[in-house]
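**Student:** Attaching a predicted model along with its sequence, questions to come.
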Amino acid sequence: MAITMHSASVPIFLTMLGNLTKWLDKAVAHAQAKKFDPDTLLTSRLAPDMLSLGKQIQIACDSAKFGVARLAGGEAPKFEDTESTIAELQARIEATAAYLRGVTAAQVDGSEDKPISVPVRGRDPLQFTGEQYLKHFALPNFFFHVTTAYALLRHNGVELGKADYLRGG
């Protein structure tokens, strides 16, 4: 079977969002074992000028939903970016996954040459074909934020390893 735009996007986003959920479960267990509020992890950063763990998770969800919506030619669900707890971020991840599960292969496949325009604050939009967008923007951006979330959790003592990253644990 040939690789399709759907098979190269939706299942990958869903797998990593599922892994992210498992990492957050481990973060809660870690915090409980160490007797601190797990939600304090959401403000952690690796450097003072980077976005927090909570923001990394929000952007990872946005990257997945907007990535698929642009390829499918549909509207992504809107989230208010008000999550302040791990439970609220878990709900956002699930809402994102539910949206992705509702996008069919027929909606995404064939979008390789579709023109995709990505708005950029203060600049002209970025222009791609669907295939360029998926390979060189949507997936790399998604993995950047998921990987940063992983690194922040690991940096804060959550016991995660390569198997957690690749298979959720």
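**Tutor:** Sure, I can see it.

**Student:** can you list the weak-confidence ranges in the chain?
**Tutor:** The chain contains residues with pLDDT under 70 at 1.

**Student:** Now do the helices in it.
**Tutor:** 10-34, 53-72, 86-101, 105-108, 130-133, 139-155, 162-167 (DSSP state H).

**Student:** Among those helices, single out whichever gets nearest to Phe79.
**Tutor:** For the helices of the chain, the distance to Phe79 is smallest for helix 86-101, at 5.9 Å, taking C-beta to C-beta. In this view, the C-beta of every residue, glycine as well, is placed from N, C-alpha and C.

**Student:** other SSEs contacting that closest one?
**Tutor:** Contacts defined by 3 or more C-beta pairs under 8 Å, 6 or more residues apart in numbering; DSSP states H and E place helix 86-101 against helix 10-34, helix 53-72.

**Student:** tell me the most buried of those helices?
**Tutor:** Per residue and on average, the most neighbours among those fall to helix 53-72, with a mean of 24 (mean count of other C-beta atoms under 10 Å).

**Student:** That helix vs helix 10-34, what angle?
**Tutor:** With axes from the mean of the first three to the mean of the last three C-alpha atoms, to 10 degrees as the basis, helix 53-72 and helix 10-34 are set at 170 degrees to each other.
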